[in-house]
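Visitor: 3D, please:
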Amino acid sequence: MTISRATSLLLNLGHALDHMFLLIFATAVTSIAIEFGFARWEDLMPYGAGAFLLFGLGSVPAGRLGDLWGRRSMMVVFFFGLGAAGLLCAATQNAWQLALALAVLGAFSAIYHPVGIPMLVQHARNPGTTIGINGLVGNLGIAFAAILTGFMVKYVGWRAAFVLPSLLCFAAGAAFMLLTPPESESPSRRKGRATVRLSPRMMARLFLVMTFAAISSSLLFNFTTNGNGHLMRERFLGIVEDPARLGVMLAGVYTVASLAQVVVGRLIDRYPLKRLYLGIVLLQVPMFLLAAHAQGWALFWLQIGFMVAIFGAIPFTDAMIVRYVDDAIRSRVSGMRLAVSFGISSLAVYSLGPAVKAAGFETLLLSMAAIACCTAVFVLMLPDEEATVAEPGPA
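Guide: Predicted structure coming up:
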């Protein structure tokens, strides 16, 4: 049985909302810092780290509940919980209140990846394409966060940037309840097999290497998505300074880069994962090295380049879980992997402001090039697909 088109659309919308909420604070942090009495945005940035820490750590219980209780039920909790957390953020009056509200938001955001993506692909005929489209929509949420927040900050205020998506969350949650039928049984009770069967030893190696690769990739994702707006603002000083226009430009970067996930998703269905993954990761290195010294419009085109490479690398971990892990435990496996990778990569959000304040964006971009090299090393350690035994998955 396949999920309905309406459910599929709502699951993809959930991915967009998930990423959009997590980037509102980073986009509006300059305005929030002024209101809360901070001299520099870098000093307020660490207060957002709790959201990303809970985004990682919360994936374990979310994945477990998704497999044992039901993915539909958990997605209902996701939509309404995320909407409520967004309103809580909008109501805060100081930095510590905001830090707590963002942590709550991170906890509800943690539900989506270990629950929503396995629900979306559990009966997909072409999982790579399905994951690619889902990734495109999720990253368009990042683009929309840049546009929405930029305009809200300029014309209404940063609080409205949290309120409007919250209302959309409530509407999506109500639609999901109405249009998605209850599950007949939890995923843990269903019989489902992985597309490719691995020995326990090979599976342990795959999980370990995949997790380390995901950690380094998540560090790059968090550094760039939380820092791109500030990088653009600094390197476009005297060229473009209007926050709304900068928001549109940044949204353009994310929109173009998001298309890479659809292309990569289609390629995943046709070619070996390891070689594709390695090629995309290696593309990140020269982009970061060149961007470290670029200014103005040269930086803009290089931002598109390194975000294409970063977004293009995202589908691989989910595709490996679909290919090698039984559906009955996919949410739990995904949750454990996310808890480690996003939990550790939350350090990127905590350290971004202090790092830029102390060393500047040039040093940060050079460091990201080094991290990309580490990712390439981890990808080289993945098992070759020629060494695995393929078996047909469920019909």
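Visitor: quick one: low-confidence ranges for the stretch 51-200 of the chain?
Guide: 185-199 (pLDDT under 70).
Visitor: Helices along that one, start to end?
Guide: Ranges of helices within the stretch 51-200 of the chain are 59-68, 71-90, 95-109, 112-121, 127-155, 158-179, 200-235, based on DSSP state H, counting those that start in this stretch.
Visitor: One more: the stretch 201-350 of the chain?
Guide: Along the stretch 201-350 of the chain, the stretches classed as helices by DSSP H, counting those that start in this stretch are 243-268, 273-291, 296-313, 315-324, 330-380.
Visitor: highest average neighbour count across the ones you listed?
Guide: Most buried of the helices of the stretch 201-350 of the chain, by mean neighbour count (mean count of other C-beta atoms under 10 Å): helix 315-324, with a mean of 25. Where C-beta positions appear, they are placed from N, C-alpha and C, glycine not excepted.
Visitor: follow-up on the earlier one: check the helices of the stretch 201-350 of the chain for me: which has the lowest mean pLDDT.
Guide: Least confidently modelled of the helices of the stretch 201-350 of the chain is helix 315-324, at a mean of 78 by mean pLDDT.
Visitor: Please give the element, helix or strand, for residue 29.
Guide: helix 5-35 (DSSP states H and E).
Visitor: any idea which helix or strand comes after that helix?
Guide: Taking DSSP H and E, what comes next after helix 5-35 is helix 41-44.
Visitor: Now that next one: buried residues?
Guide: Going by neighbour count (16 or more other C-beta atoms under 10 Å), the buried part of helix 41-44 is 41-44.
Visitor: Not counting stretch 27-46 itself, show me its contacts.
Guide: For stretch 27-46, the surrounding residues in contact (C-beta atoms under 8 Å, 6 or more residues apart in numbering) are 25-26, 48, 94-95, 98, 145-146, 149-150, 152-153, 157-158, 161, 226, 229-230, 233, 247, 349-354, 356-357.
Visitor: mean confidence score for it?
Guide: Mean pLDDT, stretch 27-46: 87.
Visitor: Buried by neighbour count: which residues of it qualify?
Guide: 27-33, 36, 38, 41-46.
Visitor: ends of it, how far apart?
Guide: End-to-end distance of stretch 27-46 (C-alpha to C-alpha, to the nearest Å): 14 Å.
Visitor: about what we covered before: show me how far the helix holding residue 29 is from its chain's centre.
Guide: Here helix 5-35 is found 10 Å from its chain centre; the criterion is C-alpha atoms, centre = their mean, to the nearest Å.
Visitor: list the contacts for the residue lying closest to residue 4 once chain neighbours are set aside?
Guide: Spatial nearest neighbour of residue 4, chain neighbours left out: residue 179 (6.9 Å); criterion: C-beta to C-beta, 6 or more residues apart in numbering. Counting by C-beta under 8 Å, 6+ apart, residue 179 makes contact with 4, 6-7, 10.
Visitor: Check residue 309 too.
Guide: The contact partners of residue 309, by C-beta under 8 Å, 6+ apart, come to 260, 280-281, 283-284, 287.
Visitor: Tell me the one of those nearest residue 121?
Guide: residue 260 (19.0 Å; C-beta to C-beta).
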